[in-house]
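**Student:** Got a predicted structure plus its sequence, pasted below:
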Amino acid sequence: MNRHQQIVGLCRLGEFFVDFLKKEPHQYTSEEDYLAALLRKSEIGNPWFTQENQRHALESWANLLTESQLNAWLSPYKVPQTSKRVGLILAGNIPMVGFHDVLAVVLSNHTAVIKPSSKDRQLLPFLMGKWKEFSGGNVKYEFVEKLDNFDAVIATGSNNTARYLEYYFKDYLSIIRKNRTSIAVLGGDETDDELKLLAEDIFRYFGLGCRNVTRLLIPENFEISRLFENFINFKEVINHHKYANNYEYNRAVYLLNQEKFWDNNFVMLKEDEQLFSPLSVINFSRYNDLGEVRAFVAEHENDIQAVVSNVDLGFETVPLGKAQQPGLSTYADHVDTMRFLEVI
């Protein structure tokens, strides 16, 4: 293994993303044309993966794949001397969601044995091929339809799937991830610009990611209308047929059950204590003091991926607008993947 060459390759991959994203189609090289075709094919196979959201994912990774950020991420960890085969069962809820796991495995001197999600099969093989090319061949990975011949596993699935995975991989060292979601805590004095940033945390990727905010905690006197006023930039989500189907279904259910909700014709707000909300719905509750907020977070700690807030809550939070921009050292389910890979 040559980690230096791998890092050089990742930096070149990030530059490749930047060049692709800033060009008009008529300016593409043949490889950029091929990437553009993959993005179109990916959207056809999975309509949730719109061109905009796939390009947003590429841009986010382009911002991370720099020498300084990669070195800062990797510096606390020792490089294992023994290379293992690490099985990866990837999620497919948002574009490139499994790329961080793949990077972690390869950069830890292991072979990534990748079982991609059926919802996200187009982009990753191309990106891995480019990384290997840019790294002089120093990238160990393979794609499989079924995991076989592996030493450890990292798998992501629903809560139901996770129970099956925990049983199936009980004899292996593993990280098994379950359903999580994110919440936002408002202090009441947020500006309109800050609430527009919150809209990005809610609507990016149609709210399908575990870092998307699906639950709000707001002060007693906070006016709901302020949210709707500042969410308007995302009104186009209702023109996406799969999102619209969810919106119409959930709205019909609430009307049929005579449940109270607030509606602005593309998203609904519902006062509900549940942490998880249906797609196109944001649950919220009101609080009197921050002690109630801290109690709520403590109660749901194992189901919350991120707490988004500009309020000082006494623990780590993500600034408004940054939920979908995790750093390299931000780990899913708060489990340090690199430390796991260091000792397997």
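**Tutor:** Okay, I see it. Numbering: from 1, shown residues only.
**Student:** Quick check: beta-bridge partners of P219?
**Tutor:** The partner list for P219 in beta bridges (DSSP bridges) reads Y287.
**Student:** residues in contact with it?
**Tutor:** By Cβ atoms under 8 Å, 6 or more residues apart in numbering, the contact list for P219 reads 186-188, 286-288. Placement of C-beta: from N, CA and C, glycine included.
**Student:** Counting neighbours, which of the residues you listed comes out on top?
**Tutor:** Ranked by the number of neighbours (other Cβ atoms under 10 Å), those place L186 first, at 23 neighbours.
**Student:** Just to check, it is in contact with I218?
**Tutor:** Yes - with contact defined as Cβ atoms under 8 Å, L186 counts as touching I218 (4.8 Å).
**Student:** mind listing what the closest residue to N46 other than its chain neighbours touches?
**Tutor:** Nearest residue to N46, sequence neighbours excluded (Cβ to Cβ, 6 or more residues apart in numbering): K119, at 4.7 Å. K119 is in contact with 45-46, 48-49, 92-93, counting by Cβ under 8 Å, 6+ apart.
**Student:** If you go by neighbour count, which of those are buried?
**Tutor:** Buried members of these, counted by 16 or more other Cβ atoms under 10 Å: 46, 48-49, 92-93.
**Student:** Kindly list the main-chain dihedrals of the closest residue to D263 other than its chain neighbours?
**Tutor:** Residue nearest to D263 in three dimensions, not counting chain neighbours: R251, with 6.8 Å by Cβ to Cβ, 6+ apart. Note on R251: backbone dihedrals following degrees, to the nearest 10 are phi -60, psi -40.
**Student:** quick one: buried residues of the helix or strand bottoming out on mean pLDDT in the chain?
**Tutor:** Of all helical and strand segments in the chain, the minimum by mean pLDDT, DSSP states H and E falls on helix 159-168, at a mean of 90. Buried residues in helix 159-168, counting neighbours by 16+ other Cβ under 10 Å, are found at 161-162, 165.
**Student:** got a list of contacts for whichever helix or strand comes after that helix?
**Tutor:** Remark: after helix 159-168, the chain's next helix or strand is strand 173-177, criterion DSSP states H and E. Residues from elsewhere that reach strand 173-177, judged by Cβ under 8 Å, 6+ apart: 91, 151-157, 162, 165-166, 169, 332-333, 335, 337, 340, 344.
**Student:** The residue nearest to N46 in helix, strand or coil?
**Tutor:** The three-state label given to K119 by DSSP: H, G, I helix; E, B strand; the rest coil is coil.
**Student:** Do you know the pLDDT at it?
**Tutor:** For K119, the model assigns a pLDDT of 94.
**Student:** Any buried residues in stretch 83-96, and which?
**Tutor:** Judged by neighbour count using 16+ other Cβ under 10 Å, the buried positions of stretch 83-96 are 84-96.
**Student:** out of the residues you listed, which are inside strands?
**Tutor:** Counted as lying in strands by DSSP state E, out of these, are 85-89.
**Student:** possible to save the buried residues of helix 159-168 as CSV with distance to Q6?
**Tutor:** Listed next are those as CSV, based on distance: Cβ to Cβ, whole Å:
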residue, distance to Q6
T161, 31
A162, 31
L165, 29
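**Student:** quick one: which of the residues you listed is nearest to Y247?
**Tutor:** Of all the buried residues of helix 159-168, T161 has the smallest distance to Y247: 26.0 Å, by Cβ to Cβ.
**Student:** what comes up buried for stretch 52-60?
**Tutor:** So for stretch 52-60, counting by 16+ other Cβ under 10 Å, buried means 53-58, 60.
**Student:** For K115, state which of the residues you listed is nearest.
**Tutor:** Using Cβ to Cβ, these come closest to K115 at A57, 19.8 Å.
**Student:** Please report the number of neighbouring residues for the nearest residue to S83 once chain neighbours are set aside.
**Tutor:** For S83, ignoring the flanking residues on the chain, the nearest one in space by Cβ to Cβ, 6+ apart is N109 at 5.2 Å. For N109, the tally of surrounding residues (other Cβ under 10 Å) stands at 20.
**Student:** Tell me who's in contact with N109.
**Tutor:** Each residue near N109 by Cβ under 8 Å, 6+ apart is listed here: 1, 3, 79-83.
**Student:** Just the ones of the residues you listed in helices?
**Tutor:** Of the contacts of N109, the ones assigned to helices by DSSP state H are R3.
**Student:** now, among the buried residues of stretch 52-60, which is nearest to N239?
**Tutor:** Nearest to N239, judged by Cβ to Cβ, of the buried residues of stretch 52-60 is N53 at 14.1 Å.
**Student:** What average pLDDT does the helix or strand harbouring that closest one get?
**Tutor:** Per DSSP H and E: N53 is located in helix 51-64. Computed over helix 51-64, the mean pLDDT rounds to 98.
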